[in-house]
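Undergrad: the sequence and its predicted three-dimensional model are supplied below.
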Amino acid sequence: MTRSVAIALALVLGLALSFASPGAAEQQKERAKSKSTGISKAVAEKLLTAYELMNEDKFDESLAIVDALADRRRLKPPEVAQLHRFRGYIFVNKGMSESAAAEFEQALAQKALDPDAEQVMIYSLAQIHTQLGKYDRALELIDGWFRAAENPKPDAYYLKAMILVQQERFADAVEPARRAVELSPEPRESWVALTVVIYSQLKDYPNVASALERLIAISPGKQQYWVQLAAVQKHLEREARALATMQLAYEADLLKQDKEVRQLARLLFLRQQPYECAQVIEMGIESGAVKADAEAYRLMSNCYIASRDNERALEPLAKAGELAPDGDMYMLLGQMYLQRERFAPAIAALEKALAKSKPDQRGSVQLLIGVAQLGSDRFDDAERSFRVASGDEKVRRAAESYLSFLKAQRLRHEQQQQAQQTPASRG
């Protein structure tokens, strides 16, 4: 190969750099057949030197040569186009995207590039305008590129989909995004992730789930895909699948955040696995993955209650009561102690509930305190509690019934005491 031919090929083939068009290898083979570039030997010699400097990252020296050539008179349109094109790639390498775009636009305006080189230029310019946020021009360019492309590669479909997403034209973005993935034996993670964005915006949740499953296959170690998939499956009322997804992630030690562990626990509860729910929350609190707040302890307690392990529910219920802003958990704790006829701890819990309760709850709490006091044979205290409770319309009838019952219990208690004292007095 002669030096002049090498120069021509370098100019036509070698300038795509990081903005090479899809199918560049095939296009390069076609361009290699070209016998003429329309560039004089003198200009080509200078451009080859500039090209070599650019490859050595000597961008300013390379640009100086191009600028000097541009000052020449009687340059032919192909030479002007190549100078703008070359200068554009220098600016690309220097991170000067605005300047690069302007040069590429001028190169195209000459209408003097060979068709293959023009395709590469159009694709590169579409990429740059996308980066610059000039989506209308980027779409115009990529649509033109597709009209001339014989065998578009997946990258081009992805670029078009990206542009349409940025324009919030999600319905139009479906097809190019889908084609990008389908045409790739091993699609890139970012391409599949883009389909998740598109389908999510369109509320096409079955396809969101399918895309997330594909993302998990590509990157099984990324917990956000598992969590998102479980959320979508739950939205689709596929609770069993959602739970299986979260359990797999949990077993793989991917669920590290508070929200994720609670999500798994709630799914276990919904799927009637309350004991496993309680265990997940308990271990999460112990490991620090779950914040030890009222809601966590409330959930743990509810799970133990649902699994009929009421004794183990008491401690988290007490902690929930301590941390909660209201008295609901203490009230429930008091009721559980009452059911076991453990009156002293019931009174303690209910008094704490009373201190945190809302005005419309106080009558109910006073009634329960009275019941616990009655069970402890604290008749005077119970009477005071029932009389206070009777002032609440919601529990008045119950309080009055307990007052009548208390009267009978007190009388019976006094009779029993007298019966116990009579033999002693006779003796």
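TA: Everything's here; your move.
Undergrad: neighbours around residue 119, how many?
TA: Using other Cβ atoms under 10 Å, residue 119 has 21 other residues around it. All C-beta spots, glycine's among them, are computed from the backbone N, C-alpha and C.
Undergrad: ok, now residue 391?
TA: A total of 12 residues lie near residue 391 under the criterion other Cβ under 10 Å.
Undergrad: SS state for it?
TA: Three-state assignment for residue 391 (DSSP: H, G, I helix; E, B strand; the rest coil): coil.
Undergrad: grab the nearest non-local neighbour of it.
TA: Distance criterion Cβ to Cβ, 6 or more residues apart in numbering; nearest residue to residue 391, sequence neighbours excluded, is residue 363 at 6.9 Å.
Undergrad: contacting residues for the one you found?
TA: Residues in contact with residue 363 (Cβ atoms under 8 Å, 6 or more residues apart in numbering) are 388-389, 391-392, 394-395, 399.
Undergrad: is it within a helix or a strand, and which one?
TA: Taking DSSP states H and E as the definition, residue 363 sits inside helix 362-375.
Undergrad: let me see the mean pLDDT of that helix.
TA: Helix 362-375 carries an average pLDDT of 93.
Undergrad: try stretch 68-87
TA: 86.
Undergrad: got the contact list for residue 417?
TA: So residue 417 contacts nothing (Cβ under 8 Å, 6+ apart).
Undergrad: give me the element it is part of.
TA: Going by DSSP H and E, residue 417 is in helix 396-426.
Undergrad: now swap in residue 133 and tell me
TA: Following DSSP H and E, there is no helix or strand that holds residue 133.
Undergrad: now do the same contact list for residue 146.
TA: Residue 146 touches 152, 156, 160, counting by Cβ under 8 Å, 6+ apart.
Undergrad: at 7 Å instead, please
TA: With contact set as Cβ atoms under 7 Å, 6 or more residues apart in numbering, residue 146 has these partners: 152, 156.
Undergrad: go on, residue 218?
TA: With contact set as Cβ under 7 Å, 6+ apart, residue 218 has these partners: 189, 192.
Undergrad: need the max-distance pair from the contacts of residue 363.
TA: Based on Cβ to Cβ, the longest span within the contacts of residue 363 runs between 388 and 394 and measures 13.2 Å.
Undergrad: so how far is residue 282 from the nearest residue to residue 313 once chain neighbours are set aside?
TA: Setting aside the residues directly before and after it, residue 313 is nearest to residue 304 in space (Cβ to Cβ, 6+ apart), at 3.8 Å. Distance, residue 304 to residue 282, by Cβ to Cβ, to the nearest Å: 9 Å.
Undergrad: thinking again about what came up before, count the neighbours of the residue nearest to residue 313 for me.
TA: Residue 304: 25 surrounding residues under other Cβ under 10 Å.
Undergrad: is it true that it touches residue 314?
TA: No: using Cβ atoms under 7 Å, residue 304 is not in contact with residue 314; the gap is 8.6 Å.
Undergrad: could you give me the buried positions within stretch 378-385?
TA: Buried residues in stretch 378-385, counted by 16 or more other Cβ atoms under 10 Å: 378-379, 381-383, 385.
Undergrad: next one: stretch 256-274
TA: For stretch 256-274, burial by neighbour count (16+ other Cβ under 10 Å) applies to 258, 260-269, 273-274.
Undergrad: then stretch 276-284?
TA: For stretch 276-284, a neighbour-count test (16+ other Cβ under 10 Å) marks 276-282, 284 as buried.
Undergrad: now tell me what touches it from outside.
TA: Under Cβ under 7 Å, 6+ apart, the answer for stretch 276-284 is 261, 264-265, 268-269, 290, 296, 299-300, 303-304, 307.
Undergrad: starting at the chain centroid, how far to it?
TA: From the chain centre to the centre of stretch 276-284 is a distance of 23 Å (Cα atoms, centre = their mean, to the nearest Å).
Undergrad: ok, back up a step: residue 340: which of the buried residues of stretch 276-284 is nearest?
TA: Nearest to residue 340 among those, with distances taken as Cβ to Cβ, is residue 278, at 19.4 Å.
Undergrad: what about the closest one, which helix or strand?
TA: Assigned by DSSP H and E, residue 278 belongs to helix 274-287.
Undergrad: next secondary structure after that helix?
TA: Next helix or strand after helix 274-287 toward the C-terminus (DSSP H and E): helix 294-306.
Undergrad: count the residues that sit near the closest residue in space to residue 364 that isn't next to it in sequence.
TA: In space, and not counting its chain neighbours, residue 364 is closest to residue 395: 5.6 Å by Cβ to Cβ, 6+ apart. Look at residue 395: counted by other Cβ under 10 Å, it has 21 neighbours.
Undergrad: ok, the one 4 residues further on next?
TA: The number of residues packed near residue 399 is 22, by other Cβ under 10 Å.
Undergrad: how about it, what does it touch?
TA: 367, 386, 389-390.
Undergrad: run the last query once more with 10 Å
TA: By Cβ atoms under 10 Å, 6 or more residues apart in numbering, the contact list for residue 399 reads 363-364, 366-367, 370, 385-392.
Undergrad: specify which member of those residues is nearest to residue 329.
TA: Of the contacts of residue 399, the one sitting nearest to residue 329 (Cβ to Cβ) turns out to be residue 364, at 14.5 Å.
Undergrad: in stretch 154-174, what counts as buried?
TA: So, applying 16+ other Cβ under 10 Å, buried residues of stretch 154-174: 154-165, 170, 172-174.
Undergrad: same deal with stretch 56-67?
TA: Here stretch 56-67 shows 59, 62-63, 65-66 as buried, counting by 16+ other Cβ under 10 Å.
Undergrad: can you check stretch 320-327 too?
TA: Buried residues in stretch 320-327, counting neighbours by 16+ other Cβ under 10 Å, are found at 320-321, 324, 327.
Undergrad: same thing with stretch 72-87?
TA: Using 16+ other Cβ under 10 Å as the test for burial, stretch 72-87 gives 75, 78-87.
Undergrad: next, the contact list for residue 349, please.
TA: Contacts for residue 349 (Cβ under 10 Å, 6+ apart) come out as 314, 317-318, 321, 327, 329-338, 342, 368-369, 372.
Undergrad: let's have the buried residues of stretch 276-284 in TSV, adding distance to residue 204 and pLDDT.
TA: Output for the buried residues of stretch 276-284, formatted as TSV (distance: Cβ to Cβ, whole Å; pLDDT from 0 to 100):
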residue	distance to residue 204	pLDDT
276	33	95
277	31	95
278	36	95
279	36	95
280	31	95
281	34	95
282	38	95
284	33	94
